[in-house]
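Asks: sequence first, then the predicted structure, then my questions.
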Amino acid sequence: MTGERPLTAFLDANALYPAELRNLLMRLALAEAYRPLWSDRVQKEWTEALARDRPDLSREKIERVRALMEQHIPAATVEDYEALVGQLALPDDGDRHVLAAAIKGGAEILVTANLKHFPAPALAPYGIEALHPDEFVLRLVERVPARVLAAARDHRQSLMNPPKSVEEYLAALQKLGLAGTVAALRPFAALLE
């Protein structure tokens, strides 16, 4: 690490589902590339969306993933933020709980695919910046490239059903909307083996 403390990022539900993105973000957190935050409500949102979209997955399996996340990163869950919700203004009132938990947790970044729901003027008073997952991973590449490469290598190597070559892995990230991340990782493809 460059001597800087890790960024603290609150993960919106859409950053935790789909699975491939969640897995990459968890690997990055375990590599100490950043410090993740979420709330029980966000966890409930992505697990319910997954259960709805994938009826082939048992509720027990989905809850096991959530439990593993909380086991491996026990300090990530933000609590007692509800009093802030009513004080916040966002384009969609349903997103205020996300910002409230990010504020309470001391997040610098809110990782979300719904950037329109979190305009910069609404977040600036709290010192929070909303970033798309691709922009967020790129920020980590700039700050801690070795940790990002190690996490991406571990993520690729963990994929067993089916296993993915480096090119297949990069194509999967591209499909997730991580085009900038793929461009940043491609020159280091040999390190992802």
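Replies: Structure received. Everything numeric here is computed off the predicted structure, so don't read it as measured data. Numbering: from 1, shown residues only.
Asks: now for the nearest residue to Glu4 once chain neighbours are set aside, how many residues are close by?
Replies: Nearest residue to Glu4 in three dimensions, chain neighbours excluded: Arg143, at 6.5 Å (C-beta to C-beta, 6 or more residues apart in numbering). From N, CA and C alone the C-beta is placed, and that goes for glycine too. Per other C-beta atoms under 10 Å, the neighbour tally for Arg143 reads 16.
Asks: all helices of this structure, in order?
Replies: 13-16, 19-30, 40-53, 59-72, 82-85, 96-105, 120-123, 133-143, 145-158, 166-175, 179-185 (DSSP state H).
Asks: okay, these in TSV with distance to Arg5 next?
Replies: Listed next are the helices of the chain as TSV, based on distance: least, C-beta to C-beta, whole Å:
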stretch	distance to Arg5
helix 13-16	21
helix 19-30	14
helix 40-53	23
helix 59-72	20
helix 82-85	24
helix 96-105	15
helix 120-123	20
helix 133-143	10
helix 145-158	13
helix 166-175	27
helix 179-185	22
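Asks: could you dump those helices to TSV with mean pLDDT and distance to Leu7?
Replies: TSV is the format used below for those (pLDDT from 0 to 100; distance: least, C-beta to C-beta, whole Å):
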stretch	mean pLDDT	distance to Leu7
helix 13-16	97	14
helix 19-30	96	10
helix 40-53	96	18
helix 59-72	95	18
helix 82-85	97	21
helix 96-105	98	12
helix 120-123	97	15
helix 133-143	97	7
helix 145-158	96	12
helix 166-175	95	20
helix 179-185	97	16
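Asks: so which of these is nearest Asn114?
Replies: Of all the helices of the chain, it is helix 13-16 that lies closest to Asn114, at 6.3 Å by C-beta to C-beta.
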